[in-house]
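Engineer: only geometry, no sequence info:
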């Protein structure tokens, strides 16, 4: 059974810092991995999707990497802003069965 | 393109009642997945429908059921509500084929009293 772990559970940084969020999974036979952002009480917003054959994806200040062999993915956020404050979730898709980590709650202080 | 819509946004029900939630996917998407989110358990997969057929199912009791219509709209039903069913219910739509990306709706907040 796929298990997804996210470290750290919470992170607080001053504005402008670069930061890394971590996601690990136990079953490397994944279809794809997706990073989401969730604001309090709201739905999920897709940030980046990495296919199993890819190593990384970039969108603006965000860069996500995937290492299937070690069961890890990282989300890199450059030059963080207060508007980046949210919970970040990674989700692993094992052929139509999507498993989520518990998320990292990020606070960016002005 | 309109996003995923869910109705109602908020619901308050009493133990023992039943409830039906609705999800309209992005136009052209044929897959709809349902999730339950609670502070204690996080996001848990309920089931996925593709072209009116349940393609995958999570580990929830039979009180949780769903269906998908020919226009890809989906409904989720919970019978004999329990206090522990209080949660944010999210649906996500995707093309359902290939390396598809999931797009989430705003969710329905269900409170069982």
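Structural biologist: Sure thing, it's come through. This one's a predicted model, so the numbers in the text were calculated from it and none came from an experiment.
Engineer: Could I get the full set of helices for the chain?
Structural biologist: Let's take chain A. Under the criterion DSSP state H, chain A carries no helices.
Engineer: Can you list the buried residues in stretch B:14-29?
Structural biologist: Within stretch B:14-29, the residues scored as buried using 16 or more other Cβ atoms under 10 Å in any protein chain shown are B:19, B:21, B:23, B:24, B:25, B:26, B:29. To be clear about C-beta, it is placed using only N, CA and C from the backbone, and glycine gets the same treatment.
Engineer: ok, those residues vs residue B:83, which is closest?
Structural biologist: Distances from the buried residues of stretch B:14-29 to residue B:83 were compared by Cβ to Cβ; the smallest belongs to residue B:19, at 13.5 Å.
Engineer: Dump the buried residues of stretch B:14-29 into CSV; add distance to chain A as well.
Structural biologist: Rendered in CSV, the data for those read as follows (distance: Cβ to the nearest Cβ, whole Å):
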residue, distance to chain A
B:19, 19
B:21, 13
B:23, 11
B:24, 14
B:25, 13
B:26, 12
B:29, 13
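Engineer: out of these, which are inside strands?
Structural biologist: B:19, B:21, B:23, B:24 (DSSP state E).
Engineer: tell me which element the nearest residue to the third one once chain neighbours are set aside is part of?
Structural biologist: Okay, so that is residue B:23. Once flanking residues are discounted, residue B:23 sits nearest to residue B:91: 3.6 Å by Cβ to Cβ, 6 or more residues apart in numbering or on different chains. Using DSSP states H and E, residue B:91 sits within strand B:87-94.
Engineer: Touching that strand from outside, list them.
Structural biologist: The set of residues that contact strand B:87-94 without belonging to it, under Cβ atoms under 8 Å, 6 or more residues apart in numbering or on different chains, is A:41, A:43-44, B:4, B:6, B:21, B:23, B:25-26, B:29, B:31-38, B:43, B:72, B:74, B:76, B:100-105, B:107-110.
Engineer: got the residues of chain B near chain A?
Structural biologist: By Cβ under 8 Å from any Cβ of the partner chain, the part of chain B that sits against chain A consists of B:4, B:33, B:35, B:42-45, B:48, B:50, B:55-56, B:58, B:88, B:90, B:92, B:99, B:101-107, B:109.
Engineer: what's the closest of the ones in strands among the buried residues of stretch B:14-29 to residue A:18?
Structural biologist: Taking these together and measuring to residue A:18 by Cβ to Cβ, the closest member is residue B:23, at 37.2 Å.
Engineer: follow-up on the earlier one: partner strands of the strand holding residue B:91, parallel or antiparallel?
Structural biologist: Strands flanking strand B:87-94 in the sheet, each with its direction: strand B:31-38 (antiparallel), strand B:103-104 (antiparallel), strand B:108-112 (antiparallel) (DSSP bridges).
Engineer: so where's the chain shaky on pLDDT?
Structural biologist: Here I'm looking at chain A. Of all residues in chain A, those with pLDDT under 70 make up the ranges A:96.
Engineer: I was after chain B.
Structural biologist: Scanning chain B for pLDDT under 70 picks out B:1, B:98-99.
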